[in-house]
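Chemist: Kindly return the folded structure for what I paste below:
(chains A and B)
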Amino acid sequence: MTASTEAEDLGQVPEPGSAGSADGLSSATPIQAPLGTKDVLWPESARWEALIALFRSIVTRAGFGLLVSPAFEDVRLFRRGIGDENEVVGKEMYEFADRSGRRLALRPEGTASVVRAYVQHRPPTPWKAWYATQAFRYERPQAGRYRQHHQLGVEAVGVADPEMDLEVIELAHQLYRSVGLSRVTLRLNTMGCSLCRPAFIEALLAYLSSRSGQLCGAHADTFAANPLRVLDCKKDECRAVTSEAPRLAGLLCDECSAHFASVRDGLDALGIEYLLDERLVRGFDYYTRTTFEFQAESLTSAQSAIGGGGRYDGLVEAIGGPPTPAVGFGVGIERLLLACDAEGCFEVPGPAPQVFVVDLTGGKLARDIARELRREGLRVSRSYENRSMRSQLRQADRSGATLAVIVGPEEAAGSSATLRELRQPSHQPSRQPSRQESVSRSELADRVLELLGNATTDVLDVTAGEGMP
RNA sequence: GCGGCCGUAGCUCAGGUGGUUAGAGCGUCUGGUUGUGGCCCAGAAGGUCGGGGGUUCAAGUCCCCUCGGUCGCCCCA
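Modeler: I've put the predicted structure just below:
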């Protein structure tokens, strides 16, 4: 999708799967998730729920509140905020016109929307917002890179104090630790400010011009557009040139220098290890002063940055607000979970039911019992379609439930229910015969709660067993 | 936008140099138990061999195109 796409074009796009063409689509092509997107099914989605809940818990304790903002915005927001010449804006944005001709774009990252919301509503500062949203980039997918991915992030607006940089970095650090990642490296750099960065860029540009012939093929004639980008290039040619390039550290203004020193001292005091990386250049133009990135050392794929952020003291003003300092970070959920896979941590079991109701009388009893137990707060599944008892118990077993409630003609006649242990809550796959007992309907819920309550010991009292084969 | 690799059942994959009705494991369903899951056994369902074209007496297999997936480059979470 490009800026020149007109709404009328929609009518001319051939329908995939439409009949009659010999272009390879003549027979029905299955409808599936678009390139670069994916479904997250249960039980994998349980990790997502747990991760977001964990993040929410961490940042809420630090005084951040949830911001829900639109997935698409006026395209000018991203052009001004992120920078026109940036690839993400220049050719990777999902940009479109709506039916009224408004120029919109699906957000390629999280920060710009948050800052737009701040400028629009002007809440009291310090304004500390967190979010969990999708982000969209039209690029070729590969391991750890998707056209729709998801980010967790925080933004703190209105505070210039390096303490806020520290708080933000520490929150990210805490997230990685909480999910159990140990092989994560924090890279830290400073980008200077509007006072000292121009001098640096000028010096860098002059230097690169003098040695442009030695740069790699990609940068030899593009370095002028974004000289900072060359610092980040991994090609040996560029590395050789930039190793002797002028350094920002020597050109920082006094305030930037003091700010950076405070951040570094603070990290030391917090016991957070970091790597000073003068080549670290974050992708977006809006960064000033502190920038940082977290790298998962366990990821062997090309995309191993699992989060990053920094200070962006000029962004609020750039999109129409008053001069306002701000700092934040974003974490890619997919990449974070890839890193967890690589380290074998943060395994979250799917939400198995606690009780499974087996009903041999047609299903109405199961309906009543499930409702009753669910009202007690229990996770309860049941069978449908009046299958054989064998089949229902098979379902019960596979569901992962701890207890089965069995009701058949006998129980119905006696207003009772049979409780059967499916697995020990402290379970190993034990081969011991399961215990079961009979309870009256009126005591069913209490007994189930009781059995699930002392989940650390035997589920059912042996003496109450009804003589299992 | 560019390049490498790969498309056979819901999943993971077998199917030398083309040769009958395309197989296995796992999963699903049913039965082995007139009301008892797991382990075991038996059976069943499930496939336009991604799609189109070509070569051939004959194509899952060879050729071309195309669609899809995946990994990498650029760039980025």
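Chemist: Now do the same contact list for the residue most central in space within chain A.
Modeler: The residue lying closest to the centre of chain A (CA atoms, centre = their mean) is A:Ile333, at 2.5 Å. Contacts were defined as CB atoms under 8 Å, 6 or more residues apart in numbering; by that measure A:Ile333 touches A:48, A:51-52, A:132, A:149-152. All C-beta spots, glycine's among them, are computed from the backbone N, C-alpha and C.
Chemist: domains for chain A, by residue range?
Modeler: Under the assignment automatic domain parsing, the domains of chain A span A:44-195+A:252-343, A:197-246, A:355-459.
Chemist: Work out the gap between the last one and the centre of the chain.
Modeler: Spelled out, that is domain A:355-459. Averaging C-alpha coordinates over domain A:355-459 and over its chain gives two centres that are 37 Å apart (CA atoms, centre = their mean, to the nearest Å).
Chemist: again, but for the second one
Modeler: Domain A:197-246 has its C-alpha centroid displaced from the chain centroid by 34 Å (CA atoms, centre = their mean).
Chemist: Between its first and last residues, how far does it reach?
Modeler: 12 Å (CA to CA, to the nearest Å).
Chemist: contacts for the helix or strand where A:Tyr176 lies?
Modeler: A:Tyr176 is part of helix A:162-178, with elements assigned from DSSP states H and E. Counting by CB under 8 Å, 6+ apart, helix A:162-178 makes contact with A:54-55, A:58-59, A:62, A:126, A:152, A:154, A:156, A:184, A:186, A:259, A:262-263, A:266-267, A:270, A:272, A:289-290, A:292, A:294, A:306-307, A:309, A:311, A:327-329, A:331, A:336, all of which sit outside it.
Chemist: Only the buried members of these: can you turn that into a ChimeraX selection?
Modeler: ChimeraX command restricting these to the buried ones, with burial defined by 16 or more other CB atoms under 10 Å:
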select /A:54,55,58,59,152,154,156,184,186,259,262,263,266,267,272,289,290,292,294,306,307,309,311,327,328,329,331,336
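Chemist: just checking: which of the contacts of helix A:162-178 also lie near RNA strand B?
Modeler: Among those, the residues lying close to RNA strand B (CB under 7 Å from any atom of the strand) are A:306-307, A:331.
Chemist: For A:Glu437, which three-state class applies?
Modeler: Classification of A:Glu437 by DSSP: H, G, I helix; E, B strand; the rest coil places it in strand.
Chemist: didn't it look like it was pressed against A:Ser416?
Modeler: No - using CB atoms under 8 Å, A:Glu437 is not in contact with A:Ser416; the gap is 10.1 Å.
Chemist: So for A:Phe292, what's the pLDDT?
Modeler: With respect to pLDDT, A:Phe292 scores 95.
Chemist: show me what contacts it?
Modeler: A:169, A:186-189, A:274, A:280, A:308-310, A:329.
Chemist: TSV for those residues, including distance to A:Ala71?
Modeler: As requested, those are exported to TSV (distance: CB to CB, whole Å):
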residue	distance to A:Ala71
A:Ile169	27
A:Leu186	30
A:Arg187	30
A:Leu188	31
A:Asn189	31
A:Tyr274	33
A:Leu280	29
A:Gly308	21
A:Gly309	20
A:Gly310	24
A:Phe329	20
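Chemist: Keep only those of those that are in helices.
Modeler: Per DSSP state H, helices hold the following members of the contacts of A:Phe292: A:Ile169.
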